[in-house]
Every structure is written in structure tokens, then in C-alpha cells.
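S.K.: Here is the input, now give the coordinates:
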Amino acid sequence: MKKCESDIETLFSEDIVIPANVQAAKERALEEIRSSEAPAHVRRGFLGSRAGLVAACVLAVLVLGTGSAVAATVYSRYEVYKAMEQYKIDYYYDVANSGGYIAFAKTREFKNKEEARYSELEKAYNNSEMYPEEELKIYKTADGIDKLNGVFLEVTPQGEENILHLPKRTLKDEEILEIIDHMAKENYAVTQKVKEFNESQGDYSNLFGNMTDSEVDYYYVLFHYSNSEFSGVYERASGAELVRSAELSAEEESRYRGLMGEYKYGLKKPDKTIRVIDYPEDYAGTGVAFCDSDNCYYIGEATLSDDEILQIIEMKLREVYVNMRMDEEIAFGKRKEAPKKSVSSVDGLNITDMQFSHTIGPETAVALTEAKVGDIVKFGKYEQNGNISDGAEDIEWYVLDKGETGLTLITKDAIQNKMFYSENAKTSWVNSDLRKWLNEEFINEAFSNNEKGMLRNRDNDNSDGVHSIDVVYMLSREEAYSYFGITADLFAGKPDSYEKKCEYYLNNVDSRLYARPSAYAVQNGAFAWTSENSKKMQQFYGVDVSKAEGTTGWWLRDTDEQGNSAFYIDAMGNIDGSTYVSDACGVRPVINIFVK
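M.R.: Numbering: from 1, shown residues only. Just a heads-up that it's a prediction; the model follows:
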């Protein structure tokens, strides 16, 4: 369990009691939605305001994936939604909460032209330049619904995915705008309900609402770049040693609970903010401190004073507030994404210190719902062992990143061998054959319908300045360097010669950056570095590149200035080279998936 989740569980551990009459009203409303009669033409109707749903709102926020092409609206429209009447908020929340774990399933995928137009219209909508003339039509599941025409949302029985019905023809701008408008209103309604729930547990805006954006950035980065799986635990001094995962004494725990209530209601505050230290060795053994590198609380051997307990309480509640504020500001577009821990700049690339580079993952796969950054998971199937007769094999992925609603994954191995572009000519990621293959052929071969429903679109920045909305993609250089811990200092120390540079990188870069080709990829032309190659490099150039044995080169999505070459990770260890787009290299797909 993530630190922030365990803290929230502790802070909100009191039972939420819904009065019997309110619960009964909720059940009656649900039953009305499920059983209401609809004429043959399927009556469109208000779904009913459901009382007593505040306790369910935390789960309801999972309905929307913020990385999707049907993304939340931007902050510039926030004031418009604030004027939404409560019955409309209830209405849109009911629609969102009546479905399953994704916003909706579609009767068909968006066409490429529709996807591009969606992106254009969404920007215009977000900037208050274009609006739909009508709202998206919404119907409850009933006989005859398949006879309806045009675009409409079918609200299914509780727990099933809502269905967005799309005609076979290309969507009109008005229809796309109706979808964008509906998703924005759904997202606002869900966010408001979650906010209501959170504020019912403690008014964090009163406690921390005066924090500046720069302060929020600082604490968000502090809380989200821990290099330890023990984030949030107490490390208690015991003589010259530290006891990991220590517990507060019964007397301290009792005072903690009392002081928590007094702090939340503004009755008590600490005399000073908890001290932040960089590394565990910086802790002097007395007082309390919060550690940047492992996100643990370091406490002295002596009994904690009230002020020291209040410092810990303030830090934990501040983390809850910062997460809530960041989620809301991203959802409504004040921020495009959460702040990152910037480390260095290399060749104009902003390299970020990502948590993955500080992990040592297990050798065996873990369940998706239990996965943390650095783990290996299984998702989808694709031919890998080269024996087509025994069917496709499970795809293993590294967990590169973990957000509130999902995981970012990259395949452990290079599972295919493909050209970036079929011609030796100028191209880009957006126009590449590799992108087309990943998002049309690979996605349908590798994932079931249920698995495809878990995939999230990603708005990618590309080296040519053109954005792309991708479901499956390759890492950029900036992303690869960030995730695998490649810094400006590493580049500064590289030798001049290509051969020495390969040896240098192999000895200093995370070995997970280098990938082995699957047997199927080898059958399709993938090259794997051999021990014989290593011997020749030792003989002729005096370098040891034996760590490259068994690995293959694999594509990144960045193209060079000329556009006829793309960057890749070299089989012999080089990490900053490019090759012609018409060459074939290994493929390590990257995806973002929704996980409850």
C-alpha cells in the first residue's frame, strides 16, 4: 500500500454512518433507475438524485482516467461549472457512478480523423471558444435502444460499463462537442462529490489553503519521490541504532489521537514545521524529522512532546491536502501535470529523477493491484517463444510509474522487431509506421476487449514539437533518461570514442534499460549481441562489453533534425545514437492502464 493511501486510511478510519432513512432513500432511487419503464422509443430521463452517496464518492473518482483523450476540462471553465445547480451535479454524478470502472465503453473506436478533430475541439471548448448546441443524449438501458440513431450515452445497470453509442459514419463536430461537454461535466460532478466527502472529514482548505503554488510543488515532489517501499513509517532511535517501522508508545498514540482532532479544528498548532532531512544519516538522533529520500518520520528515543507530535500530524495532513489540491488542479486544467523532480539538462532535454531509477525490482511478477514502481507485472498476451502453435505468451512489463488511478508500463523484453518507417525518408513519430502498427495491429493482437478497456490514452510531447494522442507508444529520450537514471553528470564523464562510450554506459547505467529480444523477435530479424562480438571488441579495441550479451537495440520515438533517423538504445550499450528510420530495431511498447 502506498504511503499516502495508508495515511489517508489512518486519518479517515472512523466509521461513516449513513442514517437508515437516508440509506433507504438511496436504495429506492437506485431501484427506480433500474426498473423504471421506458416507452418503445426509449424515454430520455433524469436519473434521480441519490441521497447518502457521499461515502461512495472516493471510489467514484476512479470512473474517469485523466490521461484519456476524453479528458477533464481546463481550469478556465471552472467558474462556469461552479454555477451548476446541485440537482445537475447529482445528475452527472449519478451517470458517472452508475457505470463500471471506466468512463464508458464505445460501440466502436474513434477514427483517426475523429481523434484528431476531438483534440482540436477539446482545446477550443477548454478555451471557451466553442460549445455544443445541445447536451449529449442519455438513455437508460431498455428494449429498442439499438434502434436509436446518432450519438448517445446508454446508462447501464449498476456496476456495468456505460456505453457510448457511435454511428458508423464519421462524427460531426456538434456530436464530438457534446461528448467533450458531457465528460467535462461528469468530471466536475465527481470531483465536487469527492471534495464534499473529503471536507466532511476535515476542512483542509482552512488549514492549508494559503499555501502558494511553489509551496505545493515543493511538498508534492517531496512526498512523491521516495526511493523506499517503507515510506511513511516511523524510524525510532534506540541507542546508536534506528528501529525501522517502529510504533508510537500507547501513551504517545493516545495523545496523537487527541491532538489530531485539536489540530484539524484549529485549536492547536506546532511551534515550528517539522525539519526535513535529505538522508537517514542526517538525523542527529533527537527531535523529529521527515526524510526526503525515504519519506520516513525519524523520531528520538525520548518520549515525544506534544509539539513534536503536532509537527508529525501537520506533515501528514499537509500531504493529504497537497494530493487533493494537485488532483483538482490537474482535473480542471490549472496544471497539465504534476510537478517533477528536475535534476539536469542534457542536449536540451529536461531530465527528471524518477522513482523507478531507484528501485530494484523482483524477478517474479506481482498482481496488478499490488504493483508498485519497479515491479514486474503481466498484462496481455503476444507471441514470444517463436512457437505459434502453442499460442501467445503472457507479456511481462516493468512498472515505470504509478499514479492515483493507474500504472505506466514498458515491456521487459523487446517483443518485436520493426522499422520505424518503411522508407529511408524524412518522417516523425506521428507519421511513423511503427506508431501505426502499435496502435492498430499490436493493440488488437495483444489485448482482450476487457484489457483494451483498461488502456488510457496519453498526450505525448514529441521531438518535432507535434503532440500525439497515443494508446501505445515508445519512450522519448527524455523519458528513457529520466526513468532509467541517466543524468548530466553521467554524460559529462563519457569517453570520446564510441567503443569506450559503450563500455562506460554498460557499467554505469541501469541494466533494465537494455533489453533482450524475444525468440519471436529474433525470428523477425532482431539482432542479439553475442559473446563472439564481445571477444572481438576486447581484441581490437580493448573494451569489455560483455554485459551487452543477449541484448538488442530498441527504438525511442524521437527523430533527429533531418527526420530520416530516429534515436534508439544500442545493443552494444550506447544510449545517445540514432539510426535510419528504415532500419529494423527492437520494440518495447509503453502503455498506461487503469487499475483500481
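
S.K.: quick one: residue 438 from residue 588, how far?
M.R.: 11 Å (Cβ to Cβ, to the nearest Å). Bear in mind the C-beta positions are built from the backbone N, C-alpha and C, glycine included.

S.K.: residues shared between the contacts of these two?
M.R.: By Cβ atoms under 8 Å, 6 or more residues apart in numbering, residue 438 and residue 588 have these common neighbours: residue 474.

S.K.: Chain neighbours aside, what residue packs nearest to residue 485?
M.R.: In space, and not counting its chain neighbours, residue 485 is closest to residue 357: 3.1 Å by Cβ to Cβ, 6 or more residues apart in numbering.

S.K.: residues in contact with the one you found?
M.R.: 482-485, 510.

S.K.: just residue 298 next, same as before
M.R.: By Cβ under 8 Å, 6+ apart, the neighbours of residue 298 are 234-237, 242, 277, 280, 283, 288-291.

S.K.: one more time with 6 Å
M.R.: Counting by Cβ atoms under 6 Å, 6 or more residues apart in numbering, residue 298 makes contact with 235, 283, 289.

S.K.: For it, what is the enclosing helix or strand?
M.R.: Secondary structure from DSSP states H and E places residue 298 in strand 297-299.

S.K.: downstream neighbour of that strand in the secondary structure list?
M.R.: helix 306-331.

S.K.: Nearest residue to residue 565 in space, please, no chain neighbours.
M.R.: That would be residue 578: by Cβ to Cβ, 6+ apart, it lies 4.2 Å from residue 565.

S.K.: try residue 270
M.R.: Among residues not flanking residue 270 along the chain, residue 310 sits closest, at 3.9 Å (Cβ to Cβ, 6+ apart).

S.K.: swap in residue 559?
M.R.: In space, and not counting its chain neighbours, residue 559 is closest to residue 566: 4.9 Å by Cβ to Cβ, 6+ apart.

S.K.: Let me know the pLDDT of residue 270.
M.R.: Per-residue pLDDT puts residue 270 at 96.

S.K.: repeat for residue 101
M.R.: Value for residue 101, per-residue pLDDT: 52.

S.K.: Then residue 65?
M.R.: pLDDT, read off for residue 65, is 32.

S.K.: now residue 213
M.R.: So, for residue 213, pLDDT stands at 92.

S.K.: now do the one 3 residues further on
M.R.: Per-residue confidence for residue 216 comes out at a pLDDT of 93.

S.K.: Could you check how many residues crowd around it?
M.R.: If you count neighbours by other Cβ atoms under 10 Å, residue 216 ends up with 21.

S.K.: Begin at 37, not 1, for the rest of this chat.
M.R.: From this message on, residue numbering opens at 37, which makes the last subject residue 252.

S.K.: Flag the shaky bits of the stretch 87-236 of the chain, pLDDT-wise.
M.R.: 87-115, 135-139, 179, 194-195, 231, 233-236 (pLDDT under 70).

S.K.: can you map out the helices along it?
M.R.: 93-96, 114-118, 122-134, 148-162, 209-237 (DSSP state H, counting those that start in this stretch).

S.K.: To residue 199, which of those lies closest?
M.R.: Closest to residue 199 of the helices of the stretch 87-236 of the chain is helix 122-134 (Cβ to Cβ; 11.5 Å).

S.K.: name the helices or strands packed onto that closest one?
M.R.: Where contact means 3 or more Cβ pairs under 6 Å, 6 or more residues apart in numbering; DSSP states H and E, helix 122-134 is packed against helix 209-237.

S.K.: counting contacts, what elements does the helix it packs on pack onto?
M.R.: By 3+ Cβ pairs under 6 Å, 6+ apart, helix 209-237 packs against helix 93-96, helix 122-134, helix 148-162.

S.K.: could you redo the last one with a cut-off of 7 Å?
M.R.: helix 93-96, helix 122-134, helix 148-162, helix 342-367 (3 or more Cβ pairs under 7 Å, 6 or more residues apart in numbering; DSSP states H and E).

S.K.: okay if I get those helices as a markdown table plus mean neighbour count and distance to residue 374?
M.R.: What follows is these, written out as a markdown table (neighbours: other Cβ atoms under 10 Å; distance: least, Cβ to Cβ, whole Å):
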| stretch | mean neighbour count | distance to residue 374 |
| --- | --- | --- |
| helix 93-96 | 17 | 19 |
| helix 122-134 | 20 | 23 |
| helix 148-162 | 16 | 19 |
| helix 342-367 | 21 | 6 |
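
S.K.: Export the ones you listed as a markdown table, with columns for distance to residue 215.
M.R.: Converted to a markdown table, the helices and strands packed on helix 209-237 look like this (distance: least, Cβ to Cβ, whole Å):
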| stretch | distance to residue 215 |
| --- | --- |
| helix 93-96 | 20 |
| helix 122-134 | 13 |
| helix 148-162 | 8 |
| helix 342-367 | 17 |
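
S.K.: What separation is there between residue 325 and residue 258?
M.R.: Counting by Cβ to Cβ - residue 325 and residue 258 are separated by 13 Å.

S.K.: and the helix or strand encompassing the residue nearest to residue 601, C-alpha only, in PDB?
M.R.: Using DSSP H and E, residue 614 sits within strand 613-616. Provided in PDB are the C-alpha atoms of strand 613-616 (Å, rounded to 0.1, in the frame of the first residue of the first chain):
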ATOM      1  CA  GLY A 613      22.800   7.400 -31.000                       C
ATOM      2  CA  SER A 614      20.400   7.300 -33.900                       C
ATOM      3  CA  THR A 615      19.900   5.200 -37.000                       C
ATOM      4  CA  TYR A 616      18.000   5.300 -40.200                       C
END
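
S.K.: Could you tell me which residues within that strand count as buried?
M.R.: 614-615 (16 or more other Cβ atoms under 10 Å).

S.K.: Give me the next element, helix or strand, following it.
M.R.: strand 620-623.

S.K.: still on that earlier bit, quick one: closest of the helices and strands packed on helix 209-237 to residue 454.
M.R.: helix 148-162 (19.5 Å).
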